[in-house]
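Enquirer: Need coordinates for the below:
(chains A and B)
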2 protein chains.
Amino acid sequence: MNPTAERILAGDLRALARAATAVENRTSESRDLLRELFPHTGRAVIIGITGAPGAGKSTLVDQFIRLLRAEAKTVGILAVDPSSPYTGGAILGDRVRMQDHHADPGVFIRSMATRGSLGGLAAATTDMALLLDAAGRDVVIVETVGVGQAEVEIAQLADVTVVVLVPGMGDDIQANKAGIMEIADVFALNKADHAGIDRLQREVETAQSFDHRPDGWVPPLIRVIASEGQGVAETLAAVRHFRDTIHHAPRTAALWTHRLQQLIRERLLERIPAALIEEAAARIARREQDPYSAAADILRYSCSFTPPEEHSH
Amino acid sequence: MNPTAERILAGDLRALARAATAVENRTSESRDLLRELFPHTGRAVIIGITGAPGAGKSTLVDQFIRLLRAEAKTVGILAVDPSSPYTGGAILGDRVRMQDHHADPGVFIRSMATRGSLGGLAAATTDMALLLDAAGRDVVIVETVGVGQAEVEIAQLADVTVVVLVPGMGDDIQANKAGIMEIADVFALNKADHAGIDRLQREVETAQSFDHRPDGWVPPLIRVIASEGQGVAETLAAVRHFRDTIHHAPRTAALWTHRLQQLIRERLLERIPAALIEEAAARIARREQDPYSAAADILRYSCSFTPPEEHSH
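Expert: Residues are numbered from 1 along each chain as shown, chains lettered A, B, ... in the order given. All right, here's what the predicted structure looks like:
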């Protein structure tokens, strides 16, 4: 086994930090490393936490960290912000928390920003969660914003997903109802001391009444005041109850199918010389070739696979 | 030439509507059609309009339609909502506008929702814009929400991108500054009669002062009250001035490079039997194989391409 993998499995924090940077940059070394570490994954509880900006996700995550550390659990935090594909750096709340926990080796925090595509972000987040899992973190918390496509992919990765809602977001719930209902295993109704909390609860319950999950689970609605720590232990208990009760193998299989497709696409494009694609793009821009024929030509050149319908010849 | 393509080129609206549905559903017929139509594209002006929810994009688009129809230009509108990957249907504002213009054959409106991935949405939007271009629409307006990854891809497609901002969104500008500066060719400062318009203008100007575009263009800031039609003609004039002044060939080449990569990825996955991927996903879920080796195996089985570094053997 490669010595970096050994050090990570042994809990070496500096090796973990270096590997995390390599995973973020998707180096070929990081792939070899992940390949070696993969058999050692599957032990961490992966919790997804999502909600609109300002819903109090970071405060709730902070409170989770506090509770988990009091139980001597080690924690990894991945803060994902798909809405900022450009900054390539840390999100704000992250830096604040860094200061709170920087002396605690039991808390490892990384923020993830899209460098390329959204698909790339979901892929890097999966890899980073696997890395933290292999490194022996008991709990990995993945914090994301909103319920876009990236969040759905990340929800597939999580064992349990908590959706944080606050009063006054009725319109948001309406607009994203299907998305929220699809990914929420537990609802944290935050800022429960604010006016409108009853209405929020009714809106979620109404949405729920139209939605019956195949696994029979009815996501609980927990009133929380994250800033004061109220309802946080109940939320964590609901997370654990879900994790212990519901068999999520179908979700795991869907995740890996999706992730495999991504990996295959990535690898194929790496194998095709960039010049081949750029020359074709220039021909298309001059309207000398259409993009559909160009793609078929490149694929024919690159790939001799016989599609199933032609096997009979 | 296939008869549907002929009818579309001749301006047949029913053929266009049917083809648009086929393109949305990504049928193989629609690909053949697009291949035939592609040489007839490149004539429409493609305008991207983006901004946060509530910024007044739809109102501005309505006003653009009014001005363009007064000049007897034909218009195609694509309303794209990447934040709602689930609804698969029309967005609200769209239905309202449908009623305004349903009797006018010079206005063709479609809403686009993600059915699969965000990448799929950008691809379908590109194809739909090409279809409307081939169908002889003088102007194609692509309306999107926010400045996420999908919007950046759609901005590559547009000849000119208008970013709509309103007072009171200073935080949004801060959070998305790099994204906004990257895609904006023209700024429409809407709700210019509201308090805070001066501050909004200063914030954008400050952001601009740090950002010098390689093409030398300084995106103009135009004060607009879209609901009353004020500033709309000026915005359209700025759009046309940009389109007539700035050579955007590099952007077009980047678009086609990106689009080709997407097409290649899509086609490759279609060629790989789904069972092969699902079986591997099940092995991965059982931790019997790691995803990286599984992807490499499938690609080796599917694709005999020799990567460049192995050519020397």
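Enquirer: What is the host helix or strand of A:Arg18 packed up against?
Expert: Using DSSP states H and E, A:Arg18 sits within helix A:13-24. Helices and strands touching helix A:13-24, by 3 or more Cβ pairs under 8 Å, 6 or more residues apart in numbering or on different chains; DSSP states H and E, are helix A:3-9, helix A:28-37, strand A:107-113, helix A:118-134. The C-beta positions use only the backbone N, C-alpha and C, and glycine is treated the same way.
Enquirer: for the residue nearest to A:Ser227 when sequence neighbours are not counted, what are its contacts?
Expert: Using Cβ to Cβ, 6 or more residues apart in numbering or on different chains and skipping residues adjacent in sequence, the residue nearest A:Ser227 is A:Thr59, 5.6 Å away. Contact analysis of A:Thr59 by Cβ atoms under 8 Å, 6 or more residues apart in numbering or on different chains lists A:190, A:226-227.
Enquirer: quick one on the thing from earlier: the helix holding A:Arg18 - what's its average pLDDT?
Expert: For helix A:13-24, mean pLDDT is 92.
Enquirer: what does it contact?
Expert: Contacts of helix A:13-24 with the rest of the structure, by Cβ under 8 Å, 6+ apart, involve A:4, A:7-8, A:29-30, A:33-34, A:105, A:108, A:110, A:112, A:124, A:127-128, A:131-132, A:135.
Enquirer: Next, report how far it is displaced from the centre of its chain.
Expert: Centre-to-centre, helix A:13-24 and its host chain are 18 Å apart (Cα atoms, centre = their mean, to the nearest Å).
Enquirer: what angle separates that helix from strand A:107-113?
Expert: Angle, helix A:13-24 to strand A:107-113, by axes from the mean of the first three to the mean of the last three Cα atoms, to 10 degrees: 20 degrees.
Enquirer: surely A:Ile197 meets A:Leu189?
Expert: Yes: with contacts counted by Cβ atoms under 8 Å, A:Ile197 reaches A:Leu189, the gap being 6.3 Å.
Enquirer: mean confidence for whichever strand or helix holds A:Ile298?
Expert: Using DSSP H and E, A:Ile298 maps to helix A:291-302. If you average the pLDDT over helix A:291-302, you get 84.
Enquirer: what packs against it?
Expert: If contacts are counted by 3+ Cβ pairs under 8 Å, 6+ apart, helix A:291-302 sits against helix A:274-285, helix B:28-37, helix B:249-271.
Enquirer: Send me the longest one as PDB with only the CA atoms.
Expert: Spelled out, that is helix B:249-271. Output in PDB follows, covering the C-alpha atoms of helix B:249-271 (Å, rounded to 0.1, in the frame of the first residue of the first chain):
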ATOM      1  CA  ALA B 249     -15.500  34.600 -32.400                       C
ATOM      2  CA  PRO B 250     -13.500  33.300 -29.500                       C
ATOM      3  CA  ARG B 251     -16.700  32.900 -27.500                       C
ATOM      4  CA  THR B 252     -18.300  31.000 -30.300                       C
ATOM      5  CA  ALA B 253     -15.300  28.700 -30.500                       C
ATOM      6  CA  ALA B 254     -15.400  28.100 -26.800                       C
ATOM      7  CA  LEU B 255     -19.100  27.300 -27.000                       C
ATOM      8  CA  TRP B 256     -18.600  24.700 -29.700                       C
ATOM      9  CA  THR B 257     -15.700  23.100 -28.000                       C
ATOM     10  CA  HIS B 258     -17.800  22.700 -24.900                       C
ATOM     11  CA  ARG B 259     -20.900  21.500 -26.800                       C
ATOM     12  CA  LEU B 260     -18.800  18.900 -28.700                       C
ATOM     13  CA  GLN B 261     -17.500  17.500 -25.500                       C
ATOM     14  CA  GLN B 262     -21.100  17.200 -24.200                       C
ATOM     15  CA  LEU B 263     -22.300  15.500 -27.400                       C
ATOM     16  CA  ILE B 264     -19.400  13.100 -27.300                       C
ATOM     17  CA  ARG B 265     -20.100  12.200 -23.600                       C
ATOM     18  CA  GLU B 266     -23.800  11.700 -24.300                       C
ATOM     19  CA  ARG B 267     -23.200   9.500 -27.300                       C
ATOM     20  CA  LEU B 268     -20.600   7.400 -25.600                       C
ATOM     21  CA  LEU B 269     -22.900   6.600 -22.700                       C
ATOM     22  CA  GLU B 270     -25.700   5.600 -25.200                       C
ATOM     23  CA  ARG B 271     -23.300   3.100 -26.600                       C
END
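Enquirer: Go through that helix and flag the buried ones.
Expert: By neighbour count on 16 or more other Cβ atoms under 10 Å in any protein chain shown, the buried set for helix B:249-271 is B:251-269, B:271.
Enquirer: Same question for stretch A:51-69.
Expert: With burial defined by 16+ other Cβ under 10 Å, the residues of stretch A:51-69 counted as buried are A:51-52, A:55-65, A:67-68.
Enquirer: Tell me which residue is most central in chain A.
Expert: Note on chain A: the residue nearest the mean C-alpha position is A:Ile154, at 3.0 Å, using Cα atoms, centre = their mean.
Enquirer: Model confidence for that residue, exactly?
Expert: At A:Ile154, pLDDT is 73.
Enquirer: so who does it touch?
Expert: A:48, A:50, A:80, A:122, A:125, A:142, A:144 are the contacts of A:Ile154 under Cβ under 8 Å, 6+ apart.
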